[in-house]
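> Requesting a structural model of the entry that follows:
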Amino acid sequence: MSQQYFIVDPRSRKNVLQSIGNSWKNIKHYLYKNYIKDHNDNPEAEELLNPPLSYPSVKKDEWKVFVAHRLSKAWQDQSKKNKEVRAKNKYNHRLSRKGHAGLTVEIMQETGKEETILKGRCCGKRLENLKLEDSNQMSKRLLIKLYLYERIKNGPIQDHGICFVTASATMTDERKTKSKHIDESSKLLAKRLCNRNKNDIIIVPYNPGKHWVLAVLDMKTTTCYYLDSLRPIDVNPELKQIVDSAMVLYAVTTGSDMRVKVNWVNSKCPTQPGCTECGYYILNFMKEIVHEGLQILINNNVGGGKTEYADADFDDVREEWSSYASHFIYR
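Predicted coordinates for the structure are as follows:
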């Protein structure tokens, strides 16, 4: 006897339902491709009368309904339309396989801007140390930062003196030891601080491993605000070492007499309900900080007092990112 229902942890509900949905979509595509597609012009074919022997759980009346739906003109028209839309995709859903460097070249071709301008102005005035990244999430964050930068410089958003650090500067690498990773990341961050062009609010996205967090460094007060949608008690220790060491290196390099001891603040922020939402949460955090400036962190008001973001809160991020990214995806 098969189990009729399952009890799912609320924190994993969204992920489980997405997985079920993908599996359901895949099996329908497989059945159509292997048992129905060759008979599109002959709906009365004998092979379509009974469900495949390989799937004894599929009942005959269910199979009949499924075949009729897939052979209907409405479904065929929709399928054709989807294929036409898919054919317009320039990069085959692998925008970031080329990495940040490849994307920079692409943006140069699309916008006509020189590489020095892109490196010096996009993504926080200087997008340095570009590395190849094999992750769609990396390109999303790169384009969101490009978009936010354009909104600051060419749009209605007030420029609060914000600049960004590319996530690849602090990206973990399993081939490196922990101490080497911290040392190299600290040097890259210190170099970025030296080239910040009098911008005092530094946004540093960081991924310690399968989870995104955010550090926002206020150079005027040497305070670093830490935002983690899992709301841990303590700041991530590796990120803390990277920022602390970078501040010391920055002071030595520039000869500054500023206080280098960083005051860390574990900021209050909305908490993600599951285990896959951290990326959207970090994007939303960045967007709110770009719009409101440092005051939103000082007032402990990231998320506007919400304990958890709703899907509707991400609609603007999704729409704005997809609209901006479409300039680089479609011809």
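> Spatially nearest residue to L193, not counting backbone neighbours?
Y250 (4.4 Å; C-beta to C-beta, 6 or more residues apart in numbering). Every residue, glycine included, has its C-beta placed from N, CA and C.
> Name the secondary structure element that contains the one you found.
Using DSSP states H and E, Y250 maps to helix 237-254.
> now D316
Here D316 is assigned to helix 311-329, by DSSP H and E.
> The protein: strands as residue ranges?
162-164, 201-206, 213-218, 223-227, 263-266 (DSSP state E).
> Now mean neighbour count, distance to P51 and mean pLDDT too, for the ones you listed, in JSON lines please.
Output for the strands of the chain, formatted as JSON lines (neighbours: other C-beta atoms under 10 Å; distance: least, C-beta to C-beta, whole Å; pLDDT from 0 to 100):
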{"stretch": "strand 162-164", "mean neighbour count": "24", "distance to P51": "55", "mean pLDDT": "83"}
{"stretch": "strand 201-206", "mean neighbour count": "23", "distance to P51": "49", "mean pLDDT": "91"}
{"stretch": "strand 213-218", "mean neighbour count": "23", "distance to P51": "49", "mean pLDDT": "94"}
{"stretch": "strand 223-227", "mean neighbour count": "23", "distance to P51": "52", "mean pLDDT": "95"}
{"stretch": "strand 263-266", "mean neighbour count": "14", "distance to P51": "57", "mean pLDDT": "94"}
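> Which one of these lies nearest to L71?
strand 201-206 (48.6 Å; C-beta to C-beta).
> how far is the closest one from where the chain is centred?
15 Å (C-alpha atoms, centre = their mean, to the nearest Å).
> Run through the neighbouring helices and strands of that strand.
strand 162-164, helix 178-194, strand 213-218, helix 237-254, helix 278-292 (3 or more C-beta pairs under 8 Å, 6 or more residues apart in numbering; DSSP states H and E).
> Of the ones you listed, flag the one that's most buried.
Stretch with highest mean neighbour count among these: strand 162-164 (a mean of 24; mean count of other C-beta atoms under 10 Å).
> Quick check: which helices or strands does that strand pack against?
helix 136-154, strand 201-206.
> Compare these and say which comes out lowest on pLDDT.
Among those, helix 136-154 carries the lowest mean pLDDT, at a mean of 54.
> Dump the helix holding Y250 to PDB, restricted to CA.
What follows is helix 237-254, C-alpha atoms only, in PDB (Å, rounded to 0.1, in the frame of the first residue of the first chain):
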ATOM      1  CA  PRO A 237      34.300  34.000  11.800                       C
ATOM      2  CA  GLU A 238      36.000  33.800   8.400                       C
ATOM      3  CA  LEU A 239      34.300  36.900   7.000                       C
ATOM      4  CA  LYS A 240      35.200  38.700  10.300                       C
ATOM      5  CA  GLN A 241      38.900  37.800   9.900                       C
ATOM      6  CA  ILE A 242      38.900  38.900   6.300                       C
ATOM      7  CA  VAL A 243      37.400  42.300   7.000                       C
ATOM      8  CA  ASP A 244      39.500  42.900  10.200                       C
ATOM      9  CA  SER A 245      42.700  42.000   8.400                       C
ATOM     10  CA  ALA A 246      41.800  44.100   5.300                       C
ATOM     11  CA  MET A 247      41.300  47.100   7.500                       C
ATOM     12  CA  VAL A 248      44.800  46.700   9.000                       C
ATOM     13  CA  LEU A 249      46.300  46.300   5.600                       C
ATOM     14  CA  TYR A 250      44.400  49.300   4.300                       C
ATOM     15  CA  ALA A 251      45.700  51.500   7.200                       C
ATOM     16  CA  VAL A 252      49.300  50.300   6.600                       C
ATOM     17  CA  THR A 253      49.100  50.800   2.900                       C
ATOM     18  CA  THR A 254      47.600  54.300   3.000                       C
END
